[in-house]
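In: Here is my input; please provide its structure:
(chains A and B)
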Amino acid sequence: MGLNEANIGQEVVFERIEQNTELELKLSSLGLLPGDQLIVTGKAPFKGPISVKHGNQTFFAIRFTEAKSILVSSRGLS
Amino acid sequence: MKPAEESKLKVLLIGMPNAGKSTLFNLITAGNRKVSNYSGITVDSAVGEFQQNENYLEKYELVDLPGIYNLNPSSQDEAVAIGSLVGLFNQENYHKVILLVDWHRLEASLSLCMAVNELIPGRVITIINKDDDNEVGPEVRKTIEKHLSNPVLSLSALKADAQLFEKTLRDFLHYEPRDEKELKGKISLTQEALQYFPHIDIEGAKENGFFNIVSGHDVLGAKINENLKEVRAVLEEVKRPDGNLSSRSEKIDKVILNPYLGGLIFVGIFYLIFSSIYTWAAPLMDFTEGLVLSFGELFAPILPEGALKSLVIDGIIGGVGGVVVFLPQIMILFFLLSLLEQSGYISRAAVITDRLMSIFGLGGKAFLPYMSGFACAIPGIMAARTIPNQRERLATIMTLPLITCSARLPVYILLIGTFIPSKTILGIFNSQALAFFFLYFLGSIFALVMAKLLRLTFFKGKTSSFIIDLPHYQGPSLKIAMRQSWSKGKSFLKKAGTIILGLSILIWFLSSYPKIDEEKLTGLPKQQRTALILENSALGTMGKVIEPVIKPLGMNWKIGVGLLISFGARELFVSALGTIYALGDVDETSSTLKERLLSEVDPKTGSPILDLATVWAILIFFVFSLQCTSTIAVIKKETNSWKIAAASFFYMLGLAYGMSLITYNIVRWL
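Out: Reported below is the predicted structural model:
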């Protein structure tokens, strides 16, 4: 599923990026690798940006439409 | 270049956004460079000398560069930092690079370190910025040092002892394991990244071997991933930061980024800031006003009657003094903005506003420049370099001057404090503070509306992507905020002492000369005599010429002249009125501009000349009009186009006139 579908507080595992390669570069530069744990910490209303905690240390936010192309799996299922 | 400057060794400071570069820069150079914790504040490189240069043989200077995530720029400010590494921006002869690493983002930062190390081996010093001394032990530094094969230091940029740290740093700057000074690698980047290097000869740079153009982002991404994996393997042996800070941030974010509360908190914070400028400053302002008054009382008896006395009392004390009394507001504004910036909230505000901004064709990235615009449009316009999409960037630049900057403060406070009755509304809100907040709000909303119009017409296109890293919340340092506030206060006073002083003297001359025939004045009561002298002056004549244009706005020639003069700088409106009203004041007792404005009545009707409708018309004019020559110059510089600078000026002028006209008629009708 896309990161946008995860609920607030849900732990997911980052799988890969769909299509958008510039996004991939940006995420790698933020230190994100496939297999990493993400927790959705906030979702702005009206499909606004989604805030995410990466691993145990860092936080970032990404626009809803871009979060769609971040493919994740629910924890335990992958 | 002066020989003295040549002998200084340049040290470049790079790192990821929010790593603490500006704090470190301030520590080393004792400069008052703006410190904040959102990406985009360091938009142009700043240079500062090492604090203790005089005590050492080697003289160093530090160049603070914009934050980068990797070596493939995705905006103009990133390109400045990356280009500097390969000597594209006259930094060819730099000595070393300090790469500042945030302890809480160790992995990503070290992978950037590896990339920079490959480019300029032997010239990098890595400094880990931590929160307290216990965090990074020597074994951690050793492990990283071994892997990167460059020196690794650690410090807390906020708490470190400047003198001690500089001494250590100097040892390492001195230390030169290899004597290679030339570039080793090429910067690999995509074709589209080249657009962010403005004003450089791209073809030349390619030929000189600075750039290696790769086919796609995936090539670069693969390299970064590889570095990242390597770093992770190395760091496995190392004690990592505990999760305390991040779990605290997570808890705060639960409230701040809450879908329902987030927006309310956002409005609340900004209301608090702008209303505190208004309410806190009141007692301080009484004090500065009293100071200015007693200054006048001090000089009045000493000076002989005549032109000199009038120049000092009416021209200088009336003009400059009228502006200087607003020092407390300016300092409070910058103090509060600095606290907010340091706290880590600004990035969250960008997240909260992104959805709203996207309705207007902008993204959350435009929030940061807009936010700087509350202080001054100039850094805001420069901060727009962080917006990757060129059309979105232009729309931001052209609308940014609508954001209420600190130069409008004196005008707003003078007029609101004088003419808007202070009442309590709904039990908690003060009517004057509300009016004040309304003006801020109006400017911001119209900036967005105009941006939308621009994005629908001249600057059509998609908005940039929006990924923003959210730094940990941190308790803001009062010391830094006070320093920031003082430095802005100083430059405000400097402006008052130079530009405003000069122009006040000019205004005094223009409003005192040419002198009217004494014969015409004989037999007239004193009040009419002063009025006639003023009307006959050069300024009075000017005012009469523009009176037909401003009459529909309910303004008299004095206000008109004030408006005309304020096109040089907004504060001049207050100083022009200060001088004009001081000259026109008939009773000899000293009084403030406020009292003089209130006591001016129409001789025929006996009612005050400035009524509420006129006052609102003036205020609204100031909300929309671009009365700032420096801003126009910066727009030209940043967009490289006179057309855009002129268009910005004229559309805002039209808007100001139109809105002012509408306001005047509405308030009169009410």
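In: what's near enough to touch residue B:452?
Out: Residue B:452 is in contact with B:359, B:360, B:361, counting by Cβ atoms under 8 Å, 6 or more residues apart in numbering or on different chains. In short, each C-beta sits where N, CA and C put it, glycine included.
In: Distance check, residue B:69 against chain A.
Out: The span separating residue B:69 from chain A equals 4 Å under the rule Cβ to the nearest Cβ, to the nearest Å.
In: Can you tell me the element that residue falls in?
Out: Counting by DSSP states H and E, residue B:69 is held by no secondary-structure element, helix or strand.
In: Do you know the pLDDT at it?
Out: pLDDT, the model's per-residue confidence, is 92 for residue B:69.
In: what about it, how many neighbours?
Out: 25 (other Cβ atoms under 10 Å in any protein chain shown).
In: hang on, the earlier thing: of the contacts of residue B:452, just say which sits nearest to chain A.
Out: Comparing the contacts of residue B:452 against chain A with Cβ to the nearest Cβ places residue B:359 closest, at 9.2 Å.
In: That closest one: how many residues sit nearby?
Out: The number of residues packed near residue B:359 is 10, by other Cβ under 10 Å.
In: how close does the nearest residue to residue B:499 once chain neighbours are set aside get to chain A?
Out: With Cβ to Cβ, 6 or more residues apart in numbering or on different chains as the measure, residue B:569 is the residue that lies nearest to residue B:499, at 6.7 Å, once sequence neighbours are left out. Computed with Cβ to the nearest Cβ, the distance linking residue B:569 and chain A is 38 Å.
In: hang on, isn't residue B:569 packed against residue B:626?
Out: No - under the contact definition of Cβ atoms under 8 Å, residue B:569 does not touch residue B:626, with a separation of 11.5 Å.
In: So for these two, which residue has more residues nearby?
Out: Summary of the neighbour comparison: residue B:569 and residue B:626, criterion other Cβ under 10 Å, with residue B:626 having more neighbours (23 against 20).
In: Are we agreed that the more buried one is in a helix?
Out: No - the assignment for residue B:626, made by DSSP: H, G, I helix; E, B strand; the rest coil, is coil rather than a helix.
In: can you tell me which residues contact the spatially closest residue to it that is not a sequence neighbour?
Out: Once its chain neighbours are removed from consideration, residue B:626 has its nearest residue in residue B:652; the separation is 4.2 Å (Cβ to Cβ, 6+ apart). Applying Cβ under 8 Å, 6+ apart, we find residue B:652 in contact with B:401, B:402, B:624, B:625, B:626.
In: swap in residue A:58?
Out: With Cβ under 8 Å, 6+ apart, residue A:58 has these contacts: A:30, A:31, B:104, B:105, B:108, B:246, B:469.
In: Filter those residues down to just the buried residues.
Out: Neighbour counting by 16 or more other Cβ atoms under 10 Å in any protein chain shown classes A:30, A:31, B:104, B:105, B:108, B:246, B:469 among those as buried.
In: Between the two ends of stretch B:406-426, how far is it?
Out: Here the two ends of stretch B:406-426 are set 28 Å apart, with distance taken as Cα to Cα, to the nearest Å.
In: Buried residues in that stretch, which are they?
Out: When burial is assessed from 16+ other Cβ under 10 Å, stretch B:406-426 yields the following buried residues: B:406-420.
In: Let's verify residue B:62: helix, strand, or coil?
Out: With three-state DSSP as the basis, the three-state label of residue B:62 is strand.
In: Tally up the residues packed near it, please.
Out: With neighbours defined by other Cβ under 10 Å, the count for residue B:62 comes to 25.
In: I'd assumed residue B:51 was in contact with it.
Out: No - between residue B:62 and residue B:51 there is no contact under Cβ under 8 Å: 9.9 Å.
In: Contact partners for the residue nearest to residue B:499?
Out: Contacts of residue B:569 were listed using Cβ under 8 Å, 6+ apart, and they are B:407, B:495, B:499, B:500, B:627, B:628, B:629, B:630.
In: Quick one: the helices in chain A, in order.
Out: Secondary structure of chain A by DSSP state H: the helices cover A:21-29, A:64-67.
In: Check the stretch 351-500 of chain B too.
Out: In chain order, the stretch 351-500 of chain B shows helices spanning B:367-373, B:377-383, B:390-399, B:409-419, B:431-456, B:478-495, with DSSP state H, counting those that start in this stretch as the criterion.
In: Could you save the ones you listed as a markdown table and add columns showing mean pLDDT?
Out: As requested, these are exported to a markdown table (pLDDT from 0 to 100):
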| stretch | mean pLDDT |
| --- | --- |
| helix B:367-373 | 88 |
| helix B:377-383 | 85 |
| helix B:390-399 | 94 |
| helix B:409-419 | 89 |
| helix B:431-456 | 93 |
| helix B:478-495 | 85 |
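In: what's the closest of the ones you listed to residue B:267?
Out: With distances scored as Cβ to Cβ, the stretch of those nearest to residue B:267 is helix B:431-456 (9.1 Å).
In: Could you say which of the helices of chain A is packed most deeply?
Out: The highest mean neighbour count among the helices of chain A belongs to helix A:21-29 (a mean of 23), with neighbours defined as mean count of other Cβ atoms under 10 Å in any protein chain shown.
In: Please list all residues in contact with residue 74.
Out: In the absence of a named chain, this looks at chain A. With contact set as Cβ under 8 Å, 6+ apart, residue A:74 has these partners: A:1, A:6, A:10, A:11, A:12, A:13.
In: that answer is for a different chain, and I need it for chain B
Out: Shown in contact with residue B:74 (Cβ under 8 Å, 6+ apart): A:22, A:26, B:193, B:196, B:388.
In: Residue A:53: which of those is nearest?
Out: Proximity of the contacts of residue B:74 to residue A:53, judged by Cβ to Cβ, is greatest for residue A:26, which lies at 17.2 Å.
In: Report pLDDT for that closest one.
Out: Confidence score, pLDDT, at residue A:26: 88.
In: Same question for residue B:48.
Out: For residue B:48, the predicted pLDDT is 83.
In: Which residue ranges of chain B form strands?
Out: Counting by DSSP state E, chain B has strands at residues B:9-15, B:46-49, B:60-64, B:96-102, B:124-129, B:152-155, B:187-190, B:211-214, B:424-425, B:429-430, B:467-470.
In: Worst mean pLDDT across the helices and strands of chain A, which element?
Out: helix A:21-29 (a mean of 86; mean pLDDT, DSSP states H and E).
In: How far off centre is it?
Out: 12 Å (Cα atoms, centre = their mean, to the nearest Å).
In: What is it packed up against?
Out: Other elements packing on helix A:21-29 under the criterion 3 or more Cβ pairs under 8 Å, 6 or more residues apart in numbering or on different chains; DSSP states H and E are strand A:11-17, helix B:106-119, helix B:217-235, strand B:467-470.
In: so what does the third one touch, helix or strand wise?
Out: Under the contact criterion of 3+ Cβ pairs under 8 Å, 6+ apart, helix B:217-235 touches helix A:21-29, helix B:106-119, helix B:138-148, strand B:187-190.
In: Since that was my last question, I'll sign off now.
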